[in-house]
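Peer 1: Could you look at this predicted model? Sequence included:
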Amino acid sequence: MPGLTVEKIDEYLGKPVNDPYGRRVGYIVGFYSDSDGNISSLEVSFNDFDFKQVEIERFRFENGNIILLPEWEYMATVLENRLERVKKRAAALEELNSRKEIPKHTYEEFKKKLEESLIKLKEDSKNVKEVLRKRMHEIEDMIVELEKTVTAVKVSYIGGEIPEKAYKASMDHLRRNLDILSSEKASVKNHLDRIEALENLPVDTAVKVSVAVETPSKSQQPIPVVVVES
């Protein structure tokens with residue numbers, strides 16, 4: 001959360017932390033700040049048996065709730081933003097060069113830097129996609145495990161081994177967690193699809209560039225304005 005300072009940290013100390021899917025992951029138990037008093041990371045107690053320092057960028061503070069993005073989701077979001085930005089910059093650079101609005105030497109210099117950035121992002125993308133696929137497999141394994149449990153509980157209930165109250169309590173919990181896992185699985189897939197789409201996006205279609213020409217006054221010549229649309 002950009003802008004969180006030590007003057008406001010008391011609002012969050014000791015408060016519960018959830019993930020974006022509604023699961024309780026722990027509590028805020030401490031913080032770290034720079035010499036200007038800006039919070040750089042928070043110490044989180046995960047289920048009372050693990051403690052970890054987490055960078056502030058992974059947190060969202062919404063309507064009094066503290067949301068911690070899973071590491072895989074944070075990594076994917078950062079990568080997507082960088083890929084999109086570099087592709088747009090490359091497209092804008094090519095457009096400016098085609099219109100001969102920038103010197104050749106600056107075009108070559110900027111192009112080289114962008115190409116180097118894309119090479120680095122390609123390697124980052126490979127690593128992030130591996131993390132996403134690993135998480136996908138973990139989720140699928142948990143879904144299978146819960147589905148087996150659902151079957152076992154239903155068999156016991158139908159067989160008269162457990163009362164209806166216990167059966168409903170168990171099924172409510174199992175169904176809720178199956179819904180959460182399905183939602184997380186869909187999110188992982190969406191990030192995988194978006195990363196691959198951005199990787200395959202040709203530079204010349206990364207942005208639409210149009211030219212708006214101002215109406216000249218008596219003392220002005222037409223001024224071409226390059227408009228970059230997301």
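Peer 2: Received it, and whenever you're ready, just let me know what you need. Numbering: from 1, shown residues only.

Peer 1: From the chain's centroid, how far away is the strand or helix carrying residue 126?
Peer 2: Using DSSP states H and E, residue 126 sits in helix 104-158. Centroid separation for helix 104-158 versus its chain: 11 Å, with CA atoms, centre = their mean, to the nearest Å.

Peer 1: counting contacts, what elements does it pack onto?
Peer 2: Packing partners of helix 104-158 (3 or more CB pairs under 8 Å, 6 or more residues apart in numbering; DSSP states H and E): helix 71-98, helix 164-200. For every residue, glycine as well, the C-beta is placed using N, CA and C.

Peer 1: ok and the shortest one relative to helix 164-200, angle-wise?
Peer 2: Computed by axes from the mean of the first three to the mean of the last three CA atoms, to 10 degrees, the angle separating helix 71-98 from helix 164-200 equals 20 degrees.

Peer 1: Run through the neighbouring helices and strands of helix 71-98.
Peer 2: Of the remaining helices and strands, those touching helix 71-98 by 3+ CB pairs under 8 Å, 6+ apart are helix 104-158, helix 164-200, strand 208-213, strand 224-229.

Peer 1: Among the ones you listed, single out whichever gets nearest to residue 59.
Peer 2: Closest of those to residue 59 is helix 164-200, at 17.6 Å (criterion: CB to CB).

Peer 1: Quick check, pLDDT for residue 169.
Peer 2: For residue 169, the pLDDT comes out at 98.

Peer 1: That one: neighbour count?
Peer 2: Residue 169 has 12 neighbours, counted by other CB atoms under 10 Å.

Peer 1: hmm, back to that, got the helices and strands packed on helix 71-98 as TSV, with distance to residue 18 columns?
Peer 2: Putting the helices and strands packed on helix 71-98 into TSV (distance: least, CB to CB, whole Å) gives the following:
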stretch	distance to residue 18
helix 104-158	18
helix 164-200	11
strand 208-213	39
strand 224-229	36
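
Peer 1: Nearest to residue 24, out of the ones you listed?
Peer 2: Short answer: helix 164-200, nearest of those by CB to CB, at 11.5 Å.

Peer 1: out of the helices and strands packed on helix 71-98, which comes closest to residue 47?
Peer 2: When those are ranked by proximity to residue 47 (CB to CB), helix 164-200 comes first, at 15.3 Å.

Peer 1: need the contact list for residue 136.
Peer 2: 185, 188, 189, 192 (CB atoms under 8 Å, 6 or more residues apart in numbering).

Peer 1: can you give me the mean pLDDT across stretch 182-194?
Peer 2: Averaging the model's pLDDT scores along stretch 182-194 yields 98.
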